[in-house]
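>>> I need the structure of the sequence given here:
(2 chains)
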There are 2 protein chains.
Amino acid sequence: MKTLNTVPFVSVENMMRLVLELGIETCIEQIAGYIEEDFAKWQQFDKIPRVASHSREGVIELMPTSDGVDYSFKYVNGHPKNTRDGLQTVTAFGLLASVETGYPVLMTEMTLLTALRTAATSAVATRALAPKGSTTLALIGNGAQSEFQALALKKLCGISKVRLYDLDPAASQKCARNLEGSGLAITIYSSAEAAVEGAHVITTCTADKQYATILSDNMVGSGQHINAIGGDCPGKTELHKDVLLRSDIFVEFPDQTRIEGEIQQLDDDYPVKELWQVLSGEVPGRESDDALTLFDGVGFAVEDFSALRWLRDALQLTGRFVDLDMIADPDEPRDLYGMVIREVERMANERAAA
Amino acid sequence: MKTLNTVPFVSVENMMRLVLELGIETCIEQIAGYIEEDFAKWQQFDKIPRVASHSREGVIELMPTSDGVDYSFKYVNGHPKNTRDGLQTVTAFGLLASVETGYPVLMTEMTLLTALRTAATSAVATRALAPKGSTTLALIGNGAQSEFQALALKKLCGISKVRLYDLDPAASQKCARNLEGSGLAITIYSSAEAAVEGAHVITTCTADKQYATILSDNMVGSGQHINAIGGDCPGKTELHKDVLLRSDIFVEFPDQTRIEGEIQQLDDDYPVKELWQVLSGEVPGRESDDALTLFDGVGFAVEDFSALRWLRDALQLTGRFVDLDMIADPDEPRDLYGMVIREVERMANERAAA
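Numbering: from 1, shown residues only, chains lettered A, B, ... in the order given. So this is what the prediction gives:
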C-alpha cells in the first residue's frame, strides 16, 4: 500500500467520496464497531489529556492517544467567531502512526471524519443506555452534527421518528431537507419543550460557547435517555444542573469531562460511570425502565483513534487517497546531507530532459 | 497564496529543491535570524513541554508552541532500532497555523528542516558564546547532522577548519566527501582526544541512546566552547559530569533540558543560564577568554516555530509547495451533511463527462 517515504493522505474530497461509496450509515455503523472494540480494551490506552493552546479568539488542540500498537493524534481548533468571516468554527485533521517504527501510516482530513465518529459514539452510548424499544428522537440543535446523529441512531438504535428543534427555524428546515428520503419520519417543532416531551431519546447538539439551558428540569422525565454532546469546552454546557442531579451520568474519560462536559457544573468527586465500563460489562447501564440516563459526551481521543483505524481499513477497499512524499528516506540513514546534494543531479537531468 | 480549504504542503522533494535553490548556507543563516528574533521575545511564547508517547521501541512526540500570532507543532519520532530494518531513526513533519482563526497555513516535511534549524541553533549559540576569532571546529559524531553543523558554523561563526571524528571511520569519510568544495579545510582524526585538543569549538552530535562519555574531563580545556547536541532524551548524554561541573552551562528551556540534556546528570537546581537571556542581553555570555562554555542543546519547539515561519516566507519566493485539500469548507458552515450529499452530483457529472 505504501512505500517507505510516503504517507497516504485522504483529502476532504476523497473522504466525501469514500463515505458516499460505502454509504453514510454503513460508515457510521462500522466506526461504531471500531469504537466498541477500542473501548473494550480501554485500560490498554495511553490516555493523555488534550494539549490545548488557548487564545482570546479560540483554542487549538492536539489529541494524542495510543494502544501500544497504533498511535494517533488529531489537530482540532475551535473558533466560534470564524463564521463571521465565512470560515469554519472547527477544522480538523488527524494522523495514524505505527508505534513500532514511529512512521506515520495515514494522514487525513478529520472534519467529516469527526462528525461520523461523534455520531457513532452517541449511537454506541444510546444502544447501551436508552430504554428498550426506543423509536423517537428529539434532536435539539440542528447544525452541522444533527443529520449524522439522526442517521446513527436510526441505523444502530432503531430510531424511526425524529423531532427537530433549533432556535433558528432555518437550521431545522435544512436538517429536514437533508434527511428527506432517509426513511426517517421528520417533524419540526417550535419549542424544545414540545420536542422532548415523550421522546425516548434526546440529543442536544447546540453550538453556543456559553452556559446555556437547553434542557431544564421540568422538561425531561423518567425513562428517557439524553445524549448531551454540544457542551464540549470549559464554560459551555447545555443542561440545567438539576437535570444532572437526577440522572445516571455516563462519560468517556472523567478527567476530561469534568473540565469540558455538563458535569463541570458538579463537584469534582460527583459520582459518574464510564461508558467503557458499561460496554465491558463491569458496571450496569440502564438500571430500570424509568431511570433517566445521560451520556455527557465531549469527544475523546480514543474515538478519533478508532475512526482512523476504520479509515485505514476502508482505504484498502476504496483506494481513496494520494501518497504524500513526507518522509525523508536517504539511501544511507546517516547521509541526509548527501541525499540533498544528489538532488542537484536529478534537477539537472530534469532540465536536460525538458 | 491559498484558498480557504487548502493548506500548502512542502514535500521532501520540494524542501530539498527549495534549499538547493536558495543555498544550504543561506537557508541556515536565514533560519538563524528567525531563531534570534523569536528567542528575543521568549517571554511571549506559550512553552508547552513536549508531549511524549513512549514505547519499548521508541518515542513519538508532539512539540507545540505559540507566540499568540502563529501556532506550530512538530511530530517527531525516535526509534533507534529502525536502522536495522532500513528505516530512519527519526522522521518529522510540522505545521504552522493562525492563532486568530485556528486554520493551518502550512504543512511540511521536517526531517530536513529540523537538520537546518538544529544547525542554525548551534550557530546562534556559538556566535554568542565561543571565543572571539574561533576558526577550528572539532566535530565528534559524523552522522546525519554533521555536515549541517559544519556549514552553519562556517557561515555564521567564521569556522574554516573542521576536524572529524567518529567511532565509525566510514561516517567521517562520508562527511568529508560531502563537504568537499565547501571551502572548509577538513581533517579526519582517529581519536576524539586528538580532534578536540586545541579546537576552539567542539560539537558533539553522536547518536547512541545511552549514557556515553564522548568527552571526558581531561579532554577539554579552558577557552573552548562546546555544543553538546546529541544527548536529547532521558538516559542519553555525551559528556562526563566533571566537564559539566567546570563549564558555564547555557540551555534552551531548563524544564526540558533537565530531563533530556546533559544536565540530567546534575541536581535539579544546578544553576544554568538560558540562551535567550544571553541573546537579549539580560545575562552575560562568555565571561572571559579562558572560560569553558557549554551549550546543552536538546532542540526546542520555538526553534521549529522559527523554522516554519522562515519556510512560510521562503515559499513566497520559490513556490515550492502543493495545495492539500484538507479543510472541509461547506458553503453554509452548519451544512456539513449537505456538502457531502451534493458531492454525489459532482461525481455523477464527472462520470457523464468521462
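
>>> A:Phe45 and A:Val69 touch, don't they?
No. In this structure, A:Phe45 is not within contact of A:Val69 by C-beta atoms under 8 Å, at 10.8 Å. All C-beta spots, glycine's among them, are computed from the backbone N, C-alpha and C.

>>> Looking at those two, which has the bigger crowd around it?
A:Phe45 (19 against 11; other C-beta atoms under 10 Å in any protein chain shown).

>>> if I look at that one, how far off is A:Ala32?
Taking C-beta to C-beta, to the nearest Å as the measure, A:Phe45 falls 18 Å from A:Ala32.

>>> Equivalent analysis for A:Ile327, please.
In terms of C-beta to C-beta, A:Ile327 sits 32 Å off from A:Ala32.

>>> and the helix or strand bottoming out on mean pLDDT in chain A, what does it pack onto?
Within chain A, confidence by mean pLDDT, DSSP states H and E is lowest for strand A:211-215 among all helices and strands, at a mean of 76. In terms of contacts (3 or more C-beta pairs under 8 Å, 6 or more residues apart in numbering or on different chains; DSSP states H and E), strand A:211-215 is packed against helix A:192-196, strand A:201-204, strand A:237-239.

>>> In that strand, which residues are buried?
The neighbour-count check on strand A:211-215 (16 or more other C-beta atoms under 10 Å in any protein chain shown) flags A:Ala212, A:Ile214, A:Leu215 as buried.

>>> With only the CA atoms kept, save it in CSV.
C-alpha atoms of strand A:211-215 as CSV (Å, rounded to 0.1, in the frame of the first residue of the first chain):
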residue,chain,number,x,y,z
TYR,A,211,-23.5,28.3,29.8
ALA,A,212,-27.0,27.7,28.3
THR,A,213,-30.0,25.8,29.5
ILE,A,214,-31.3,23.8,26.5
LEU,A,215,-33.0,21.4,28.8
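
>>> any weak-confidence spans in chain A?
By pLDDT under 70, the low-scoring segments of chain A are A:1-3, A:208-211, A:231-233.

>>> Let me see the domain layout of it.
A:6-112+A:303-346, A:132-298 (automatic domain parsing).

>>> Relative to chain B, how far out is the residue nearest in space to the middle of chain A?
When C-alpha atoms, centre = their mean is applied to chain A, the residue found nearest the centroid is A:Thr118 (2.8 Å). A:Thr118 is 11 Å from chain B, where distance means C-beta to the nearest C-beta, to the nearest Å.

>>> Same check on A:Ala348?
11 Å.

>>> Excluding its own residues, what touches the helix or strand encompassing that residue? List them.
Per DSSP states H and E, A:Ala348 falls inside helix A:336-353. By C-beta atoms under 8 Å, 6 or more residues apart in numbering or on different chains, the residues outside helix A:336-353 that reach it are A:328-332, B:13, B:16-17, B:19-20, B:24, B:111-112, B:115, B:144-148, B:174, B:178.

>>> on that earlier part again, mind checking which of the helices and strands packed on strand A:211-215 is nearest chain B?
strand A:201-204 (14.8 Å; C-beta to the nearest C-beta).

>>> Is that closest one in proximity to chain B?
No. Interface with chain B: strand A:201-204 contributes nothing (C-beta under 8 Å from any C-beta of the partner chain), its closest point being 14.8 Å away.

>>> From the contact counts, what lies against that strand?
Strand A:201-204 packs on strand A:136-140, helix A:146-157, strand A:211-215, strand A:225-228, going by 3+ C-beta pairs under 8 Å, 6+ apart.

>>> how about 7 Å then?
Judged by 3 or more C-beta pairs under 7 Å, 6 or more residues apart in numbering or on different chains; DSSP states H and E, the packing partners of strand A:201-204 are strand A:136-140, strand A:225-228.

>>> Distance from the chain centre to the longest one, please.
The gap between where strand A:136-140 is centred and where its chain is centred comes out at 19 Å by C-alpha atoms, centre = their mean, to the nearest Å.

>>> which residues are contacting it?
A:146, A:149-150, A:153, A:159, A:161-165, A:192, A:195-196, A:199-204, A:206, A:214 (C-beta atoms under 7 Å, 6 or more residues apart in numbering or on different chains).

>>> Would you agree A:Asp46 is in contact with A:Val69?
No. Checked against C-beta atoms under 7 Å, the pair A:Asp46 and A:Val69 is beyond contact range at 11.3 Å.

>>> ok, now which ones touch A:Leu266?
So A:Leu266 contacts A:Leu244 (C-beta under 7 Å, 6+ apart).

>>> measure it to A:Arg286 for me?
Counting by C-beta to C-beta - A:Leu266 and A:Arg286 are separated by 21 Å.

>>> Now render the helices and strands packed on strand A:211-215 as JSON lines, adding mean neighbour count.
Listed next are these as JSON lines, based on neighbours: other C-beta atoms under 10 Å in any protein chain shown:
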{"stretch": "helix A:192-196", "mean neighbour count": "20"}
{"stretch": "strand A:201-204", "mean neighbour count": "27"}
{"stretch": "strand A:237-239", "mean neighbour count": "27"}
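
>>> With distance to B:Ala130 added, can I get the ones you listed in TSV?
Conversion of these to TSV gives the following (distance: least, C-beta to C-beta, whole Å):
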stretch	distance to B:Ala130
helix A:192-196	70
strand A:201-204	62
strand A:237-239	57
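
>>> closest one to A:Glu100 among these?
Taking C-beta to C-beta, strand A:201-204 is the member of those nearest to A:Glu100, at 39.2 Å.

>>> Which residues does that closest one contact?
Contacts of strand A:201-204 (C-beta under 7 Å, 6+ apart): A:122, A:126, A:130, A:134, A:137-141, A:149, A:153, A:159, A:196, A:214-215, A:220, A:224-230, A:238.

>>> Export it to CSV, keeping only CA atoms.
The C-alpha coordinates for strand A:201-204 follow below in CSV (Å, rounded to 0.1, in the frame of the first residue of the first chain):
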residue,chain,number,x,y,z
VAL,A,201,-34.0,9.7,23.3
ILE,A,202,-33.0,13.3,23.4
THR,A,203,-29.8,14.5,21.8
THR,A,204,-28.6,18.1,22.4
